[in-house]
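Participant: my questions concern the predicted model and sequence given below.
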Amino acid sequence: ETGVTQSPTHLIKTRGQQVTLRCSSQSGHNTVSWYQQALGQGPQFIFQYYREEENGRGNFPPRFSGLQFPNYSSELNVNALELDDSALYLCASSPGSQETQYFGPGTRLLVL
Amino acid sequence: RKEVEQDPGPFNVPEGATVAFNCTYSNSASQSFFWYRQDCRKEPKLLMSVYSSGNEDGRFTAQLNRASQYISLLIRDSKLSDSATYLCAEKGGYNKLIFGAGTRLAVHP
């Protein structure tokens, strides 16, 4: 196991709602990256947090936002949920912003 | 054109077979590549990094061909437990991983 944990494991929401997903990075890791994986696709990079600052962002709208806390755990917030937001949300932690990433088990979000 | 492309498969092979997957990338300046394995409804797990000189780990061999801009994964003596989706990834800016859509492998008795 990678030591990266995510909560909740599954979530069902309706369109327009807001959701917060959580990630605890592996001990000693100061970088967390978030990815969205739609069914049948590879993970798509949402953003990365390094030492509590956003350190890069993929092609996702502003309603996708995040935070990283002093203990390097992280949250992904999605506002105004859309049906297409249904996906597996993965966080990956790494010991530095340029190091190998290790994935958590993911949160499966279903938007109805 | 997608940044990273893979043949989705599925590749159906018998136990003991040798199977190879290729993955093409579009950014000629890319330096780092990886193969991840993903079981159904699970997270991707790092299988191996891909170095310019190639990389071997037991039955698995990864190669990088910069001239043709592709990486490959060779699996020898396939096991039933090798059945999974294999994702290739390129390291982009900000250390983000750019993934292909994955290649499905099914190993049958």
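Facilitator: Received it, and whenever you're ready, just let me know what you need. Numbering: from 1, shown residues only, chains lettered A, B, ... in the order given.
Participant: CA atoms for contacts and neighbours, from now on please.
Facilitator: Noted.
Participant: dump the residue contacts of A:Ile12.
Facilitator: By Cα atoms under 8 Å, 6 or more residues apart in numbering or on different chains, the residues touching A:Ile12 are A:109-112.
Participant: rerun that using 10 Å as the cut-off
Facilitator: A:19, A:86, A:108-112 (Cα atoms under 10 Å, 6 or more residues apart in numbering or on different chains).
Participant: among those residues, name the ones in strands.
Facilitator: A:19, A:108-111 (DSSP state E).
Participant: read off the pLDDT value for B:Arg41.
Facilitator: Looking at B:Arg41, its pLDDT is 86.
Participant: hmm, back to that, now the contacts of A:Ile12 in CSV, with pLDDT?
Facilitator: Shown next, in CSV, are the contacts of A:Ile12 (pLDDT from 0 to 100):
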residue, pLDDT
A:Val19, 98
A:Ser86, 97
A:Arg108, 97
A:Leu109, 98
A:Leu110, 97
A:Val111, 98
A:Leu112, 97
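Participant: can you narrow these down to the ones near chain B?
Facilitator: Within the set of these, contact with chain B (Cα under 10 Å from any Cα of the partner chain) is found for A:Arg108.
Participant: now the spatially most central residue of chain A: which helix or strand?
Facilitator: Centroid-nearest residue in chain A: A:Trp34, 3.4 Å away (criterion: Cα atoms, centre = their mean). Secondary structure from DSSP states H and E places A:Trp34 in strand A:31-37.
Participant: so how far is that strand from its chain's centroid?
Facilitator: Centre-to-centre, strand A:31-37 and its host chain are 4 Å apart (Cα atoms, centre = their mean, to the nearest Å).
Participant: which residues touch A:Leu39?
Facilitator: A:Leu39 neighbours (Cα under 10 Å, 6+ apart): A:86-88, B:41, B:101.
Participant: doesn't it belong to a helix?
Facilitator: No. The assignment for A:Leu39 is coil, going by DSSP: H, G, I helix; E, B strand; the rest coil, so no helix is present there.
Participant: the chain: helices as residue ranges?
Facilitator: No chain was given, so I picked chain A. With helices called from DSSP state H, chain A shows none.
Participant: my bad, the chain I had in mind was chain B
Facilitator: Going by DSSP H, chain B shows no helices.
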